[in-house]
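Visitor: Fold the stuff below for me.
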Amino acid sequence: MAASAKEIELVKACQRNDRQAQNAFYNLYKGRLMGVCRRYARTIAEAEDIFQEAFIKIFLNIENLKNVESVEYWVKSTVIRTAIDYYRQHRRENEQVDYETILDDWSVSPQVYDKLSQEEILEIINAMPNGYRMVANMYYIDGYTHPEIAKILGIAEGTSKSQLARAREILKRKLKAVGLWSITL
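Guide: Numbers count the residues shown, from 1 in each chain. As a prediction, this is how the structure comes out:
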């Protein structure tokens, strides 16, 4: 999606280190991308840390952004890569958006939306082991392919596919337990 005239002006002002523009730019994207951070983080505090870290990178590198019209893609990519870096750094510690995308793709009954809140769905997905959760987020929500996921996470392509299949099984088991899985495999 191409940037609006307002976003282009904000980027240009940010490139001139205009503090007011930086604040407006930050607030514009916080509303749009905090959900991305929540998907990759276990807690809201972690998501906020990821978002802050991403924006430090963004403001340090915004002067190098040549194709200002693609600013939204650039910002989102930076946020996702920062979240993945955060995951790598905290891999040994304990392990959010449109979860309907995952559930729709996994043939979940429409009753899920009536019986479970988005927070309950989020809890199920966030309870998955890190690798499964990361791969599911990257594949279903962020649109990465298995070869891209493998390269970004430093894993084999087969591992990416396996982790996605296991994430799907975990979700299936949890939803079956509450009578909300619409298909039998």
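Visitor: Find the nearest non-adjacent residue to Val79, please.
Guide: Nearest residue to Val79 in three dimensions, chain neighbours excluded: Ala54, at 4.4 Å (Cβ to Cβ, 6 or more residues apart in numbering). Any C-beta I mention is one placed from the backbone N, CA and C, and that applies to glycine too.
Visitor: Let me see the contact set for the one you found.
Guide: Counting by Cβ atoms under 8 Å, 6 or more residues apart in numbering, Ala54 makes contact with 33, 37, 78-79, 82-83.
Visitor: How much space separates Asp85 from Ala54?
Guide: Distance, Asp85 to Ala54, using Cβ to Cβ, to the nearest Å: 9 Å.
Visitor: same thing with Arg133?
Guide: If you go by Cβ to Cβ, the gap between Arg133 and Ala54 works out to 19 Å.
Visitor: repeat for Gly154
Guide: Gly154 is 20 Å from Ala54, by Cβ to Cβ.
Visitor: just Glu148 next, same as before
Guide: 19 Å.
Visitor: Glu169 and Tyr87, how far apart?
Guide: From Glu169 to Tyr87 the distance is 21 Å (Cβ to Cβ).
Visitor: Show the contacting residues for the spatially most central residue of the chain.
Guide: In the chain, the centroid-proximal residue (Cα atoms, centre = their mean) is Val36; its distance is 3.3 Å. By Cβ under 8 Å, 6+ apart, the residues touching Val36 are 76, 79-80, 83, 97, 142.
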